[in-house]
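>>> Next come a sequence and a model predicted from it.
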Amino acid sequence: MADETQDPTRVPGAPHPSETPRLMGQDAAQTTFLDAFNSGRLHHAWLITGPRGVGKATLAWRIARFLLCTPDPDPNDMFGAPVPSSLDVSDEHPVARRIAAGAEPGLKSVHRTENDKTKRLRDQITIEDIRALGSFFQLSATDGGRRVVIIDAADEMNVNAANALLKMLEEPPARTTLLLICHQPSRLLPTIRSRCRTLRLSPLDAPDMAAAMAQAGVDPGPDGAALAELGAGSVGEAMRLTLLDGLRIYQEIVSLLGTMPNLDRARALALAEAAAQRGSDQKLDLLYTLMDVALARLARTGAGHPPTVNAAPNEAEIFQRLAHDTRQAQAWASTAQTALSRARHGRAVNLDPAALVLDTLFKLSETAPAR
């Protein structure tokens with residue numbers, strides 16, 4: 001596999017989806033695909049949707065291994081050969097070994113690639129990435145002739161790439177299955193969505209999150225419930241929180257909200273400076289993500305839906321004081337939209353990150369009711 005820093009399909013610090021042995025909490029989606037395969041009427045294109053980090057890529061790679069290792073069901077079999085009841089494939093299977101080595105000729109993975117000039121990952125999947133599938137489809141059929149394409153993620157294609165893929169979906173190559181991983185289906189062309197069968201994956205519950213993180217080699221310890229709450233059922237997001245010390249950042253955000261309207265400026269400055277250090281873009285991104293999460297939970301508290309799990313000490317009490325009715329809930333929702341939009345614009349034009357964080361916190365403090 002590619003270097004973690006240049007592989008957009010890998011969560012840093014976690015195994016690549018192709019190396020993940022088990023898929024947690026998505027039995028319904030796996031059963032749906034198996035039923036379609038066993039019926040002998042397998043659709044040529046599948047749109048695998050759901051929030052980031054819930055196992056979409058892991059499912060795609062499981063399906064790819066299964067399809068390349070499993071013979072088609074024979075409707076004329078008079079002896080009732082057993083039908084597959086699982087997508088599991090032995091690691092010792094020759095196809096599984098070739099996939100692990102990146103040498104399986106029947107499988108093609110498409111994702112954002114490196115710009116030859118800047119040596120940085122592109123922001124989009126380009127038409128050249130999709131056109132490269134043409135030569136893959138023209139290769140001689142191997143291992144029974146089936147071919148599988150994984151696009152991760154389909155909603156990262158630019159317009160030209162999407163149109164090129166649409167042509168392939170309109171005239172699909174024989175014995176080829178396309179697996180489109182998609183975080184935001186609304187960003188895809190409706191004509192692409194209409195030509196795919198959809199597999200929807202759900203957020204994971206706390207036990208499945210804990211099992212998935214343990215499989216990735218991360219022990220959430222006593223913070224498991226808080227990570228599951230902030231990760232919103234996404235093990236990928238929980239991994240990011242763990243690796244970037246996100247739980248501590250969230251706790252500091254909530255604690256600062258608790259000092260409002262008399263914002264603790266020294267602590268606010270310390271948080272801003274820590275997030276704005278050179279080379280810490282990921283932490284700055286996470287800080288704004290967690291601000292958004294905190295403000296959403298705060299607004300929901302005012303609307304009568306407080307958090308069921310405290311992700312920070314005294315979170316429920318702080319949120320109840322700051323938003324104890326629907327009027328205040330609406331005020332927080334409006335402030336969040338304005339302040340975070342202003343921060344995103346400031347980042348886009350390269351304003352000082354620390355100053356932006358402080359400005360955001362001061363704007364939030366103006367919304368807090370008097371003690």
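Good, I have the coordinates. Since this is a predicted model, take the numbers as computed values, not measurements.
>>> and Asp352, how many neighbours?
Asp352: 12 surrounding residues under other Cβ atoms under 10 Å. Yep, even glycine has a C-beta here, placed from its N, CA and C like the rest.
>>> My guess is it contacts Ala275. True?
No: between Asp352 and Ala275 there is no contact, the gap being 11.9 Å when judged by Cβ atoms under 8 Å.
>>> Strands along the stretch 1-150 of the chain, start to end?
Under the criterion DSSP state E, counting those that start in this stretch, the stretch 1-150 of the chain contains strands at 45-49, 107-110, 147-152.
>>> Residues in contact with the shortest one: which ones?
Contacts of strand 107-110 with the rest of the structure, by Cβ atoms under 8 Å, 6 or more residues apart in numbering, involve 9, 64, 68, 99, 125, 129-130, 132-133, 136, 147-152.
>>> Over to the first one?
Contacts with strand 45-49, where a contact means Cβ under 8 Å, 6+ apart, come from 29, 33, 56, 59-60, 63, 154, 169, 172, 177-183, 185, 188, 192-193, 195-201.
>>> swap the cut-off to 7 Å and go again
Residues from elsewhere that reach strand 45-49, judged by Cβ atoms under 7 Å, 6 or more residues apart in numbering: 56, 59-60, 169, 172, 178-182, 185, 193, 195-201.
>>> rewinding a little: among the contacts of strand 107-110, which one sits closest to Ala266?
For the contacts of strand 107-110, the residue nearest Ala266 by Cβ to Cβ is Thr9; the value is 41.5 Å.
>>> ok, now which ones touch the residue nearest to the closest one when sequence neighbours are not counted?
Closest residue to Thr9 apart from its sequence neighbours, by Cβ to Cβ, 6 or more residues apart in numbering: Asp152 at 4.7 Å. The contact partners of Asp152, by Cβ under 7 Å, 6+ apart, come to 9, 57, 60, 109, 111, 181.
>>> Contacts only, for the nearest residue to Pro15 once chain neighbours are set aside.
Distance criterion Cβ to Cβ, 6+ apart; nearest residue to Pro15, sequence neighbours excluded, is Ala216 at 6.1 Å. The contact partners of Ala216, by Cβ under 7 Å, 6+ apart, come to 14-15, 239.
>>> Distance of the nearest residue to Leu263 once chain neighbours are set aside relative to Ala355?
Spatial nearest neighbour of Leu263, excluding adjacent residues (Cβ to Cβ, 6+ apart): Ser365 at 4.2 Å. Ser365 is 15 Å from Ala355, where distance means Cβ to Cβ, to the nearest Å.
>>> neighbour count winner among the two?
Between Ser365 and Ala355, Ser365 has the larger neighbour count (other Cβ under 10 Å), namely 19 against 12.
>>> Look at the more buried one and report its pLDDT.
For Ser365, the model assigns a pLDDT of 95.
>>> Which other helices and strands does the one helix or strand it maps to contact?
Taking DSSP states H and E as the criterion, Ser365 maps to helix 353-367. Counting contacts by 3 or more Cβ pairs under 7 Å, 6 or more residues apart in numbering; DSSP states H and E, helix 353-367 packs against helix 265-275, helix 281-302, helix 326-348.
>>> ok, residues contacting that helix?
Counting by Cβ under 7 Å, 6+ apart, 256, 260-261, 263, 268-269, 271-273, 275-276, 284, 287, 291, 331-332, 335, 339, 343, 346-347 sit against helix 353-367.
>>> Check stretch 332-343 too.
Counting by Cβ under 7 Å, 6+ apart, 288, 291-292, 295, 298-299, 302, 323, 356, 360, 363-364, 367 sit against stretch 332-343.
>>> same deal with stretch 87-94?
30, 34, 62-63, 65-66, 69, 96.
>>> Check stretch 175-194 too.
For stretch 175-194, contacts defined as Cβ under 7 Å, 6+ apart pick out 42, 44-49, 52, 56-57, 60, 63-64, 67, 137, 145-155, 162, 165-166, 169, 196.
>>> Mark which of these are buried, thanks.
For the contacts of stretch 175-194, a burial check counting by 16 or more other Cβ atoms under 10 Å picks out 42, 44-49, 52, 56-57, 60, 63-64, 67, 146-155, 162, 165, 169, 196.
>>> mind listing what the closest residue to Thr301 other than its chain neighbours touches?
Nearest non-adjacent residue to Thr301, counting by Cβ to Cβ, 6+ apart: Phe319, 4.1 Å away. Applying Cβ under 7 Å, 6+ apart, we find Phe319 in contact with 297-298, 301, 306.
>>> before we move on, what about Leu244?
For Leu244, the contacting residues are 282-283, 286, by Cβ under 7 Å, 6+ apart.
>>> Buried ones from the contacts of helix 353-367, can you make that a ChimeraX selection?
With 16+ other Cβ under 10 Å as the criterion, this ChimeraX line picks the buried residues out of the contacts of helix 353-367:
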select :256,260,263,268,271,272,275,276,284,287,291,331,332,335,339,343,346
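>>> any weak-confidence spans in the stretch 151-300 of the chain?
279 (pLDDT under 70).
>>> for it, what spans make up the helices?
159-170, 190-194, 206-215, 224-231, 235-243, 246-259, 265-275, 281-302 (DSSP state H, counting those that start in this stretch).
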